[in-house]
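Peer 1: Provided below are the primary sequence and the corresponding predicted coordinates.
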Amino acid sequence: MTGGDLSLSNVEVRWNGRNILVVKEMHIRRGEFVGIIGTNGAGKTTLLKVCCGLIKPTRGTVTLDGCDLAGLSAWRKANVRKHISYIPQAAEYNADLPFTLRELVAMGRTSTKPLLYPLNKEDYEIVDHWIERLAMSDRRSQTFRSLSGGEQQKALIARAMAQDPEILMLDEPCSNLDFNWKYQITEIIEQLHSESKITILMVSHETNLLPEGCKRAILLHEGGILADGDIEDVLEPNSLEKAYRCRIDILKFAGRRYTVNKS
Amino acid sequence: MNVTFYFMDSFFFLVILAGALAGASTGLLGAYVVGMRMPFIGICISHAAMVGTIYSILLGVNPVWGPVIFSALSSMSLGMVRPGRTRIDANVALAIFFNLMLGLTFLGIGLTHGSRSEVLGLLWGSLLFVKNSSVVVITISGLVFAVFAALFNKELKVLLFSRTIASATGVHESFVYCFFLALCGLILAVNLPLVGGLMIFSLITCPAAAAYQICKGHRSVIIMATVFGMASAVIGFLVSYYLDLPTGACIVIVSATIFAVSALYRTFRGQWN
């Protein structure tokens, strides 16, 4: 593991004449697990998309392992992004296609191979390893669309890990899941982080979904960073009350922090 | 009598071969167009090709280059319409583009002096007037697309699933997508005189949509969409020939029937495979 270092400097994203994201400085070190939280419309997804180069900032630089993503051509940017795995929200992928689970996980190997080179036996060994690792061997030849929401999320994580990434970016990986699946998915993400030590950026609007392994949180509010640092310092009532504009209490249980509205 | 039979045989062979090839190549293309949830792009490009042909005829230039240039230009413009990057919804942008092409088509028809049969043939197609050279061109364009689909199979699969994931994770998404759109324009431009601007849309969408209903796995979708496209064209032609009905209409109805049967099959099978 050699990469996974990400920096944002004086980044501004303007849309329809207003700033939707302003980040003066942000540095994510290799191997960190960072939770990005905030209210609806605070700019969480925009920040994640800026970090992986999907949104080009109006101003400022986004540096991934020393390369300024904004200054690269599409071809070179694709080469740099080979080390990023990204799991978007459900609206950004087509879950109705009849891809089998194995085909879907194999998509993770695509960017590890040059154009025109097909996947080989070794690639499929990696694919099968991740299917097995996430306990989905019995679902291997089932279609993605026939899986439950939680299983689909596991399949997407297997696809992301098959890419052998240095950074894993997850955008609300637990939305629309029941509480048991939310717990299982976050447990899997935490295990992957402790085993592989990859950098993880996870967007979530539920604070209790950030697992114990997540030591740093970034709280966004109206497109700006309201707090950034140790999760204990960020997830405290004063900061959260400023963002959510209501009286808040934090309850800790089994290593997780539950935000409770006191008003 | 013998001469008539000979003519019928060669006529049958050529028309069925041309129909089968056109159906197969549009069916194969449709598997990607429908899978990427952009059937409107297909109809936009086919109408751009139609505009190119009409204005080539009007200006008295070679009608082969007009549709190729127009469809290539429209493919490139549509390549810039990307979800989340334009200020208007991509489907709205495509609808506006389609309306513009339709307007230009009817303006071109209105400006045509004398017989309009050649121009109107572009709307409905002229499968019954197919030439040997058309079969060769359709075969070559279909083969070029099939080779492209085989060579970029792994990238196309990610693009089908999610262009966002493809772009974020280092797949050469822009390159493959633009290449795909250019070939999309080529396939539509060469099939347009034969299949017609109005009917080509049904050959792109119905066979592929039927394949997506019943298939499991990417490869089976590709094969079945191609087979369904071919079957739509051949069965449609045979029905029209024996019942003396309009060829284009029969092909459209057969392709829609194949879709309906596939949808019913999945419903009665009672499972979401």
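Peer 2: Structure received.
Peer 1: C-alpha from now on. contacts and neighbour counts both.
Peer 2: Noted.
Peer 1: Can you tell me the element B:Ile96 falls in?
Peer 2: Here B:Ile96 sits within helix B:90-111, counting by DSSP states H and E.
Peer 1: cool, A:His27 as well?
Peer 2: With secondary structure defined by DSSP H and E, A:His27 is part of strand A:18-28.
Peer 1: Run through the residues of chain A sitting next to chain B.
Peer 2: A:52-54, A:74-75, A:77-88, A:92-95, A:97-100, A:103, A:107, A:110-111, A:115-119, A:142-143, A:145-146 (CA under 8 Å from any CA of the partner chain).
Peer 1: Which of the residues you listed fall in strands?
Peer 2: The strands, defined by DSSP state E, take in A:84-87 from these.
Peer 1: pLDDT below threshold where in the stretch 151-273 of chain B?
Peer 2: Applying pLDDT under 70 to the stretch 151-273 of chain B flags the ranges B:270-273.
Peer 1: try 80 this time
Peer 2: Within the stretch 151-273 of chain B, the stretches with pLDDT under 80 are B:197-198, B:269-273.
Peer 1: need the residues of it near chain A, please.
Peer 2: By the rule CA under 8 Å from any CA, the part of the stretch 151-273 of chain B lying against chain A is B:151-155, B:157-158, B:160-165, B:167-172, B:174, B:212, B:215-218, B:272-273.
Peer 1: Report the buried members of the residues you listed.
Peer 2: B:152-155, B:157-158, B:160-165, B:167-172, B:174, B:212, B:215-218, B:273 (16 or more other CA atoms under 10 Å in any protein chain shown).
Peer 1: Quick one: mean pLDDT for the strand holding A:His27?
Peer 2: Per-residue pLDDT over strand A:18-28 has a mean of 94.
Peer 1: Which neighbouring elements make contact with whichever helix or strand B:Val158 is part of?
Peer 2: Using DSSP H and E, B:Val158 sits in helix B:153-161. Under the contact criterion of 3 or more CA pairs under 8 Å, 6 or more residues apart in numbering or on different chains; DSSP states H and E, helix B:153-161 touches helix B:2-35, helix B:163-168, helix B:173-195.
Peer 1: Tabulate these (a markdown table), appending distance to A:Asn10.
Peer 2: What follows is those, written out as a markdown table (distance: least, CA to CA, whole Å):
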| stretch | distance to A:Asn10 |
| --- | --- |
| helix B:2-35 | 39 |
| helix B:163-168 | 22 |
| helix B:173-195 | 28 |
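Peer 1: and of these, who's closest to A:Leu64?
Peer 2: helix B:163-168 (12.9 Å; CA to CA).
Peer 1: Show me what counts as buried in whichever strand or helix holds A:Ser239.
Peer 2: In this assignment (DSSP H and E), A:Ser239 forms part of helix A:237-244. Within helix A:237-244, the residues scored as buried using 16+ other CA under 10 Å are A:237, A:239-240, A:243.
Peer 1: Same check on stretch A:192-201?
Peer 2: For stretch A:192-201, burial by neighbour count (16+ other CA under 10 Å) applies to A:193, A:197-201.
Peer 1: how about low-confidence regions in the stretch 151-263 of chain A?
Peer 2: Counting by pLDDT under 80, the low-confidence segments of the stretch 151-263 of chain A come to A:254-255, A:262-263.
Peer 1: again, but for the stretch 1-150 of chain B
Peer 2: Residue ranges of the stretch 1-150 of chain B with pLDDT under 80: B:1-12, B:42, B:62-65, B:68, B:72, B:75-91, B:113-130.
Peer 1: Tell me which residue in it sits closest to chain A.
Peer 2: Closest approach between the stretch 1-150 of chain B and chain A, counting by CA to the nearest CA: B:Gly35, at 6.9 Å.
Peer 1: Which residue is the nearest non-sequential neighbour of that residue?
Peer 2: Distances taken as CA to CA, 6 or more residues apart in numbering or on different chains place B:Leu160 nearest to B:Gly35, at 5.7 Å, with adjacent residues excluded.
Peer 1: right, and that neighbour touches A:Ala95 too?
Peer 2: No: using CA atoms under 8 Å, B:Leu160 makes no contact with A:Ala95, being 10.2 Å away.
Peer 1: Give the bridge partners for A:Ser201, please.
Peer 2: If you look again at residue A:201, you'll see it is Leu, not Ser. Beta-bridge pairing for A:Leu201 (DSSP bridges): A:Val34, A:Met169.
Peer 1: So it is in contact with A:Gly35, correct?
Peer 2: Yes: taking CA under 8 Å as the definition, A:Leu201 is a contact partner of A:Gly35 at 6.0 Å.
Peer 1: The residue most central in space within chain A and chain B: what is the separation?
Peer 2: Centrality entry for chain A: nearest residue to the mean C-alpha point is A:Leu170, 1.9 Å, by CA atoms, centre = their mean. According to CA to the nearest CA, to the nearest Å, A:Leu170 stands 11 Å off from chain B.
Peer 1: who touches that residue in this structure?
Peer 2: A:86-88, A:200-203 (CA atoms under 8 Å, 6 or more residues apart in numbering or on different chains).
Peer 1: ok, which pair from those is furthest apart?
Peer 2: Using CA to CA, the pair of these lying farthest apart is A:Pro88 and A:Ile200, separated by 13.8 Å.
Peer 1: picking up where we left off before, between the buried residues of helix A:237-244, which is closest to chain B?
Peer 2: Lowest distance from chain B to those (CA to the nearest CA) belongs to A:Ala243, with 26.1 Å.
Peer 1: Tell me the secondary structure at A:Arg257.
Peer 2: Using DSSP: H, G, I helix; E, B strand; the rest coil, the structure places A:Arg257 in strand.
Peer 1: Let me know the secondary structure of the closest residue to it other than its chain neighbours.
Peer 2: Excluding the flanking residues, the one nearest A:Arg257 by CA to CA, 6+ apart is A:Asn208, at 4.8 Å. Assigned with three-state DSSP, A:Asn208 falls in the helix class.
Peer 1: now A:Asn208: how far from A:Cys174?
Peer 2: Distance of A:Asn208 to A:Cys174, computed by CA to CA, to the nearest Å: 11 Å.
Peer 1: Which residue of the two possesses the greater neighbour count?
Peer 2: A:Cys174 (24 against 20; other CA atoms under 10 Å in any protein chain shown).
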